[in-house]
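Chemist: I'd like to go over a predicted model; first the sequence, then the structure.
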Amino acid sequence: MLLAATAWIILAVILGVGLLVMMYGVGIYNRLVTLRNRFENAFSQIEVQLKRRYDLIPNLIETAKGYMKHEKETFEAVIQARNQAAGGLQKAAANPGDAAAMKELMVAEQALTGSLGKFFALAEAYPDLKANESMASLTEELTSTENRVAFARQAYNDSVTSYNTYRQTFPPIIFANLFGHSTDAELLEFDSQAIAEAPKVSF
């Protein structure tokens, strides 16, 4: 009788501990999902602003074509870089935080920023273009969009850092692998020319 009672107590303790572990695991899972959803939502804000940026560029080029008739190569480089960046964004948006997708987007954005910088440097030699109201308006919109991208990117990186930090801590790291959160999310950084720095042009 005593053995049976002891067995029931042991079983109850085991079940109780198992229930506590399960509840703790559920809490960790919910926290990981919440943090992942936050950085994915933060990336969607970057996506909105980058799409706006990409939409402005063709209008900018079309406006400049009437004045910069001999800069066809520059126009083509900007449009090509813009299209590559748009493709990189599409891949990154499909899987925010994925290292390969983020790196592809970072490289494409750096190339676009460089080609835009060259475009604006050449535009300085065309006074009539500088005086064009449409060009001035588009440049102002581009600058405003660059600033929005910078704020959205900072919010995304903050969210990714929160997710990565929680995922790496103990004991969440034990459960993270079981729940499909086996890798850190990738930050979105830009190397030499930060996307936050809009081209410095006075139109």
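Modeler: Here it is on my side, so go on.

Chemist: for this protein, what spans make up the helices?
Modeler: 2-65, 72-94, 99-123, 127-130, 133-168, 172-178 (DSSP state H).

Chemist: Phe190 is nearest to which of the ones you listed?
Modeler: helix 99-123 (5.8 Å; C-beta to C-beta). C-betas here are computed from N, CA, C, even on glycine.

Chemist: just checking, what packs against that closest one?
Modeler: helix 2-65, helix 72-94 (3 or more C-beta pairs under 8 Å, 6 or more residues apart in numbering; DSSP states H and E).

Chemist: one more pass at 7 Å, please.
Modeler: helix 72-94 (3 or more C-beta pairs under 7 Å, 6 or more residues apart in numbering; DSSP states H and E).

Chemist: buried sites along the helix it packs on?
Modeler: Under the neighbour-count criterion of 16 or more other C-beta atoms under 10 Å, helix 72-94 has 74-75, 77-78, 81-82, 84-86, 88-89, 92-93 buried.

Chemist: grab the most central residue of the chain for me.
Modeler: Phe43 (4.6 Å; C-alpha atoms, centre = their mean).

Chemist: list the buried residues of the worst-scoring helix or strand of the chain on mean pLDDT.
Modeler: Counting by mean pLDDT, DSSP states H and E, the chain has its least confident helix or strand at helix 127-130, which shows a mean of 82. By 16+ other C-beta under 10 Å, the buried positions in helix 127-130 come out as Leu129, Lys130.

Chemist: in CSV: the helices of the chain, plus distance to Ala185.
Modeler: Listed next are the helices of the chain as CSV, based on distance: least, C-beta to C-beta, whole Å:
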stretch, distance to Ala185
helix 2-65, 6
helix 72-94, 11
helix 99-123, 8
helix 127-130, 42
helix 133-168, 5
helix 172-178, 12
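
Chemist: would you tell me which of the ones you listed gets closest to Glu186?
Modeler: Nearest of the helices of the chain (C-beta to C-beta): helix 99-123, 3.9 Å.
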